[in-house]
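Sequence first, predicted model second:
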Amino acid sequence: MSNTAELIFAPKPDMGHMLSTVQLAKLILQTNQIISISIYILNLPHTNGGNVNSYVESQLRDNPYPTRLTFITFPPLPNPPDPSSNNFPTVLELHKPIVKKAVEDRVRDGFSKPAGFVLDMFCSSMVDVANELDVPSYVFFTSGANLLNLKLYIQSLADDHGVDVATEFSDPGFRAVVPGFKNPVTSKVIPSVMQVKNHFSEMLLEVTRRIRKMKGILVNTYVELESLPIQALLNCDDHKIPPVYPVGPIVELDSKGNVESVIEWLDQQPESSVVFLCFGSMGIFDEEQVKEIANGLEHSGHRFLWSLRKPRPSDGDAFLEALPEGFIDRTSDRGKIIGWAPQVTILAHPTIGGFVSHCGWNSILESLWFGVPMATWPMYAEQQLNAFELVKELELAVEIRIDYKMDVHTRKGNSLVTAVEIENAVKNLMSMDETMRERVKKKSDEGKKALEEGGSSYNSLGCFIEDVLCNIA
């Protein structure tokens, strides 16, 4: 197949962003036969790279588009910044000449000039390379339209109105009407990184400025889920916003790893009887909080499957030493504790009746895909905003907390979630009223239909592809 329209994808090289980026690439290739995609894997000087490299290797082995989907992994930087500094902007800057040379070399080897760059929102500074090559850029926004609206609102306050946003949002009394939200947004659900004035919050403002200059924004959401936030973006009278393409829900449904023992246990449980607790790659608690969760689960009386990971997980083992004495024996007939969790495989199992989640956007889309009701326990990044949207805006979840925030270094939350709270939330989740369960089921059906031919996201992706092809017309 001739590479008549090549897209260069530059994802943020961590698993949360890689999974949806690769799935988006496959969706584009499935939809259009004359597009090819090269995914550029930046080399980060930290431990997560091992997971990314293993994932890329698995994709190469099972590549359904061997002539049209290419993974290009860059070698380690010759003088990388200190990994402990987590200085991702510096890593991006160091990669710019490498990425530019890679594109120029491909063109010299006979490939056509790329039809576009598709940049992760955190890799938006790569637009400089695209501009130097005279190639249009698009951004893939891996979170929801709710966060995109908030980021645009915050950046406008800072740049157009001179507001010190960190000071404004850290005020406990802050509340504002934000485009795309029907309820006032308060300081409790503003991401912590936007409440402190430092290099990272300044970087996020710069990311949003760059997003405004892109040729288009692909968002991992669908109209039927986030109708109000999407309409706010599409109908915005701010002409600095490029076209928005809701193309989700984009989820990785092929779970990897050894899951046999987990599935065997789930197969023995009644349908919709198990509550699943999983808090993402960084959702790891200290011993005090672990004991509260354990006591809450025990007193709830419900069956449970709990992904309980060690503070410094190296082998995927569960954090069993933190549990109350005798807990495993007392709950052995209705509970199972694991370390690493094959989340998609578990959510797809018919015995799962509820999901206690950290409200990462990927996890939300996966849970909705399988029609599993959620209880919200956000921790970091934009998860408080996601929990707020699920509970208050969409009424799709029950609340454990909306405003819980964790220090990812100390594993300490801004408050202790008590066993009583957890017990009550699990009971509410597993006895959720039929109206809410029907809403969850409806969003599940709508998400799948959105991706089918004629669906809202299918059509939106088609509009994006048309725009890409116009770049080479």
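Received the coordinates, thanks.

you'd agree residue 8 is in a helix?
No: judged by DSSP: H, G, I helix; E, B strand; the rest coil, residue 8 forms no part of a helix; its state is strand.

So it sits against residue 118, correct?
Yes: counting by Cβ atoms under 8 Å, residue 8 does reach residue 118; the two are 7.1 Å apart. No exception for glycine: its C-beta is placed from N, CA and C like everyone else's.

quick one, strands of the stretch 251-400 of the chain?
Assigned by DSSP state E, counting those that start in this stretch, the stretch 251-400 of the chain shows strands spanning 274-278, 303-307, 335-338, 352-357, 374-376, 397-399.

what's in contact with the second one?
Contacts with strand 303-307, where a contact means Cβ atoms under 8 Å, 6 or more residues apart in numbering, come from 262, 265-266, 269, 273-279, 293, 297, 318, 331, 334-341, 343, 346, 352, 426.

What strands flank it, and is each parallel or antiparallel?
Each strand paired with strand 303-307, and its direction, by DSSP bridges: strand 274-278 (parallel), strand 335-338 (parallel).

tell me the mean pLDDT over that strand?
The average pLDDT within strand 303-307 is 97.

and that strand with strand 352-357, angle?
40 degrees (axes from the mean of the first three to the mean of the last three Cα atoms, to 10 degrees).

buried ones in strand 303-307?
Residues 303, 304, 305, 306, 307 are the ones in strand 303-307 that count as buried (16 or more other Cβ atoms under 10 Å).

if we take those, which one ends up nearest to residue 166?
Of all these, residue 307 has the smallest distance to residue 166: 33.9 Å, by Cβ to Cβ.

Let me know the distance separating the nearest residue to that closest one once chain neighbours are set aside from residue 266.
Counting by Cβ to Cβ, 6 or more residues apart in numbering, residue 307 lies nearest to residue 341, which is 3.7 Å off, once chain neighbours are set aside. Distance, residue 341 to residue 266, using Cβ to Cβ, to the nearest Å: 12 Å.

Which one of those two is surrounded by more residues?
It is residue 341, of residue 341 and residue 266, that has more neighbours when counted by other Cβ atoms under 10 Å, with 24 against 21.

need the buried residues of strand 303-307 in JSON lines with distance to residue 394, can you?
Conversion of the buried residues of strand 303-307 to JSON lines gives the following (distance: Cβ to Cβ, whole Å):
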{"residue": "303", "distance to residue 394": "27"}
{"residue": "304", "distance to residue 394": "25"}
{"residue": "305", "distance to residue 394": "25"}
{"residue": "306", "distance to residue 394": "26"}
{"residue": "307", "distance to residue 394": "25"}
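
Tell me both backbone torsions, phi and psi, for residue 71.
With angles defined as degrees, to the nearest 10, residue 71 sits at phi -110, psi 120.

what do you get for residue 60?
Torsion angles at residue 60 (phi, psi; degrees, to the nearest 10) stand at phi -70, psi -40.

ranges for the strands of the stretch 101-250 of the chain?
In the stretch 101-250 of the chain, the segments counted as strands under DSSP E, counting those that start in this stretch are 116-120, 137-141, 175-176, 185-186, 216-219, 244-246.

I'd like these laid out as CSV, including mean neighbour count, distance to residue 108 and mean pLDDT.
Output for the strands of the stretch 101-250 of the chain, formatted as CSV (neighbours: other Cβ atoms under 10 Å; distance: least, Cβ to Cβ, whole Å; pLDDT from 0 to 100):
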stretch, mean neighbour count, distance to residue 108, mean pLDDT
strand 116-120, 25, 18, 98
strand 137-141, 26, 22, 98
strand 175-176, 14, 52, 94
strand 185-186, 21, 50, 97
strand 216-219, 23, 28, 98
strand 244-246, 24, 32, 98
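
Quick one, which of those gets closest to residue 54.
Once those are compared by Cβ to Cβ, strand 116-120 is nearest, at 19.5 Å.

The closest one pairs with which strands, parallel or anti?
In the sheet, strand 116-120 lines up with strand 5-10 (parallel), strand 137-141 (parallel) (DSSP bridges).

so which of these comes closest to residue 183?
Taking those one by one with Cβ to Cβ, strand 137-141 is closest: 22.0 Å.

wait, residue 419 sits on residue 296?
Yes: using Cβ under 8 Å, residue 419 is in contact with residue 296, at 4.1 Å.

These two: which is more packed in?
Set residue 419 next to residue 296 and count neighbours by other Cβ under 10 Å: residue 296 wins out with 23 against 19.

gap between the closest residue to the more buried one other than its chain neighbours and residue 149?
Nearest residue to residue 296 in three dimensions, chain neighbours excluded: residue 422, at 2.8 Å (Cβ to Cβ, 6+ apart). Residue 422 sits at a distance of 31 Å from residue 149 (criterion: Cβ to Cβ).

How about the lowest-mean-pLDDT helix or strand in the chain, which residues are buried there?
None of the helices or strands of the chain scores lower by mean pLDDT, DSSP states H and E than helix 49-61, at a mean of 84. Residues of helix 49-61 classed as buried: 49, 52, 55, 56, 59 (neighbour count, 16+ other Cβ under 10 Å).

tally of neighbours for the nearest residue in space to the fourth one that is not next to it in sequence?
Beyond its immediate neighbours in the sequence, the residue positioned closest to residue 56 (Cβ to Cβ, 6+ apart) is residue 71, lying 5.2 Å away. When neighbours are counted by other Cβ under 10 Å, residue 71 registers 18.

One more: residue 252?
Neighbour tally, residue 252, other Cβ under 10 Å: 18.

Which of the three states applies to the residue lying closest to it once chain neighbours are set aside?
Spatially, and ignoring its direct neighbours in sequence, residue 252 is nearest to residue 19 (4.2 Å; Cβ to Cβ, 6+ apart). Following three-state DSSP, residue 19 is assigned to helix.

how much space between residue 19 and residue 235?
Taking Cβ to Cβ, one finds residue 19 at 31 Å from residue 235.

out of those two, which sits in the busier spot?
Set residue 19 next to residue 235 and count neighbours by other Cβ under 10 Å: residue 19 wins out with 19 against 8.
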